[in-house]
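**Student:** Compute the structure for the input listed below.
(one chain, ligands or ions: 2)
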Amino acid sequence: MNNDTNNYSLFWKETLIRIRSEISEQEYFTWFNRLEYESSKLNEIIFSVPSKFIQDQIRQRYIKKINDILNELTGTEIKISFIIKKQSVSQAKTELNSDSDITDKDSAHSNKKTVPKKKKEYASNLYSFDTFVIGDNSSFAFNACMAIAKNPGTTYNPCLIYGGVGLGKTHLIQSINNHVCENTQELNIKYVTAETFTNEFIKSVGDRKTQQFKNKYRKVDILLIDDIHFLQGKSSTQEEIFHTFNDLYDSNKQMVFTCDRPVSELKELAARLRSRFERGLNVDLQPPNFETRMAILRKKCEKQNYEMEDDVLTFISKNINTNVRDLEASLTKLIAYSKLLDKKITLEIAQEQLKDSYSLNREQSIAIETIQRVVADYFNLSYFELRGKKRTRAIAFPRQIAMYISRKMTDYSTTEIGYEFGGRDHTTVMHACQRIEGQFQTDSTMDNVIQKLMRSINEYRRN
Ligand code: ADP
Ligand code: MG
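**Tutor:** Ligands and ions are numbered 1, 2, ... in the order given. Okay, here's the model as predicted:
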């Protein structure tokens with residue numbers, strides 16, 4: 001294949017060996033089996049890939065690693081270029097580019113000559129199994145989806161994945177689609193949201209094209225329908241899905257559905273359809289635990305080539321515990337901030353930047369009792385003394401501080417706070433807050449004390 005003088009193919013072989021030892025077989029197979037050493041020039045290697053999708057993914061995931069290894073082996077900076085290999089090599093060579101600006105409309109299905117030319121639809125270029133972080137909460141769902149992608153229509157049919165918002169349902173179901181598009185091109189796979197399915201169906205009725213609609217969905221080998229809770233109350237679409245289901249099921253075609261709750265909790269869903277969805281495998285996705293949240297954040301940082309301090313990641317993980325999408329959004333916000341202002345993200349910056357998004361979480365989860373315990377401890381008092389009736393200065397002052405912090409850190413009203421402090425009146429709480437604020441003017445150590453206490457309260461709450 002290569003007849004030029006700058007032959008880097010041996011270096012490339014060594015590079016592959018090293019990469020293979022560092023990543024999983026699955027990952028290696030997915031990306032590097034599709035990358036071919038095409039030719040080279042002085043300080044440049046040209047690879048061929050079957051699609052722009054693969055080119056972009058390889059650039060995103062591995063370009064740094066490839067460059068580092070090649071630089072080490074050759075002692076020079078090697079430029080990496082890609083061509084997308086269409087049917088004929090000569091045609092591909094004219095499309096040589098050194099950066100990812102090839103417009104490549106239909107190359108996703110053009111890599112194997114034996115494959116009949118047909119349009120492959122990627123559900124999304126973003127979601128793949130290897131960007132999904134597996135935790136205890138999701139390993140069952142992940143393995144089921146992976147098994148389905150590898151062997152559709154065999155064991156888990158139909159499969160229903162359910163779980164709350166932002167827990168990875170779409171990620172998993174689209175990963176099935178993309179995996180099949182990449183690996184089993186002869187299968188006809190269709191990903192659709194229940195909403196799109198409904199709209200298309202209604203339109204087909206209006207346009208008198210229901211037969212075409214039926215053909216489209218009943219001739220697939222694999223049907224993936226996302227967010228079936230959307231079907232509630234839509235009886236004619238349910239009817240259509242019911243028949244589609246039966247057709248596909250009878251011919252052993254694979255179906256996968258996602259839903260934001262167990263099917264049994266769906267209202268206004270025809271019983272016969274409910275029983276279809278519940279047939280087969282039902283798996284739930286639970287919110288990730290702290291370690292998994294950290295792993296997800298680390299993976300996202302890695303993907304974006306961004307190094308974030310652990311204390312910042314810990315801060316995010318501790319504040320967001322029910323939704324991976326929100327977890328991701330926090331990280332994206334910080335990375336954007338960092339890049340735009342060219343500043344490294346410290347814990348303080350993270351706290352400041354995310355305080356609005358987290359205030360709800362925080363207010364909900366800090367109990368006044370926590371504040372009382374931490375403040376009492378700091379002043380060497382008991383929690384009961386702080387809540388009690390005694391008004392000696394040694395107790396009254398810490399009590400006022402605790403009231404002030406309760407106002408600052410929680411959403412409780414002065415009346416509610418007063419109630420928590422031995423049934424005191426709300427004016428007492430207001431007076432306490434004014435008094436502490438006044439102290440800030442005269443006592444320069446006051447601010448430090450309050451800050452320190454607030455940090456301890458946050459720590460206490462998290463542990
Ligand atoms: P759902 O469809 O359940 O509402 P999504 O699949 O859209 O949730 O997930 C929301 C976001 O969180 C997506 O960007 C997705 O990639 C990400 N995400 C969810 N779970 C994981 C996971 N286990 N590992 C990596 N990313 C995840
Ligand atoms: Mg979704």
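**Student:** Name the residues of the strand or helix carrying residue 177 that are buried.
**Tutor:** In this assignment (DSSP states H and E), residue 177 forms part of helix 169-183. Residues of helix 169-183 classed as buried: 169-182 (neighbour count, 16 or more other Cβ atoms under 10 Å). Where you see a C-beta, it was placed from the backbone N, CA and C, and this is true even at glycine.
**Student:** try stretch 196-214
**Tutor:** Neighbour counts using 16+ other Cβ under 10 Å place 197, 198, 200, 201, 204, 213, 214 of stretch 196-214 among the buried residues.
**Student:** the domain parsing of the chain - what is it?
**Tutor:** Structural domains assigned to the chain are 9-89, 129-285, 290-353, 361-462, following automatic domain parsing.
**Student:** out of those, which comes closest to ligand 2?
**Tutor:** Nearest to ligand 2 among the domains of the chain is domain 129-285 (3.2 Å), distances taken as Cβ to the ion.
**Student:** gap between the two ends of that closest one?
**Tutor:** Terminal residues of domain 129-285 are spaced 15 Å apart (Cα to Cα, to the nearest Å).
**Student:** Now do residue 216 against residue 19, distance only.
**Tutor:** 41 Å (Cβ to Cβ, to the nearest Å).
**Student:** do residue 336 as well
**Tutor:** 30 Å.
**Student:** go on, residue 369?
**Tutor:** 54 Å.
**Student:** What's the nearest residue in the protein when you look at ligand 1?
**Tutor:** Closest residue of the chain to ligand 1, Cβ to the nearest ligand atom: residue 168 (2.8 Å).
**Student:** residues in contact with that residue?
**Tutor:** 132, 138, 141, 285, 324 (Cβ atoms under 8 Å, 6 or more residues apart in numbering).
**Student:** filter these by proximity to ligand 1?
**Tutor:** Near ligand 1, taking Cβ under 6 Å from any ligand atom as the test, the members of the contacts of residue 168 found are 132, 138, 324.
**Student:** possible to save those residues as a markdown table with distance to residue 55 and neighbour count?
**Tutor:** A markdown table is the format used below for these (distance: Cβ to Cβ, whole Å; neighbours: other Cβ atoms under 10 Å):
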| residue | distance to residue 55 | neighbour count |
| --- | --- | --- |
| 132 | 22 | 20 |
| 138 | 29 | 26 |
| 324 | 27 | 25 |
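**Student:** Looking at the residues you listed, which are in helices?
**Tutor:** Using DSSP state H, the members of the ones next to ligand 1 among the contacts of residue 168 that fall in helices are residue 324.
**Student:** Need the ones next to ligand 1 among the contacts of residue 168 in CSV (columns: pLDDT).
**Tutor:** Below are those laid out as CSV (pLDDT from 0 to 100):
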residue, pLDDT
132, 95
138, 92
324, 92
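**Student:** If you count surrounding residues, which of residue 369 and residue 19 has more?
**Tutor:** Legend: neighbour count by other Cβ atoms under 10 Å for residue 369 and residue 19, higher for residue 19 (17 against 11).
**Student:** residues contacting that one?
**Tutor:** Applying Cβ under 8 Å, 6+ apart, the residues near residue 19 are 28, 32, 62, 65, 66, 69.
**Student:** from the chain's centre, how far out does the helix or strand containing it sit?
**Tutor:** Here residue 19 sits within helix 9-22, counting by DSSP H and E. Offset of helix 9-22 from its chain centre (Cα atoms, centre = their mean, to the nearest Å): 30 Å.
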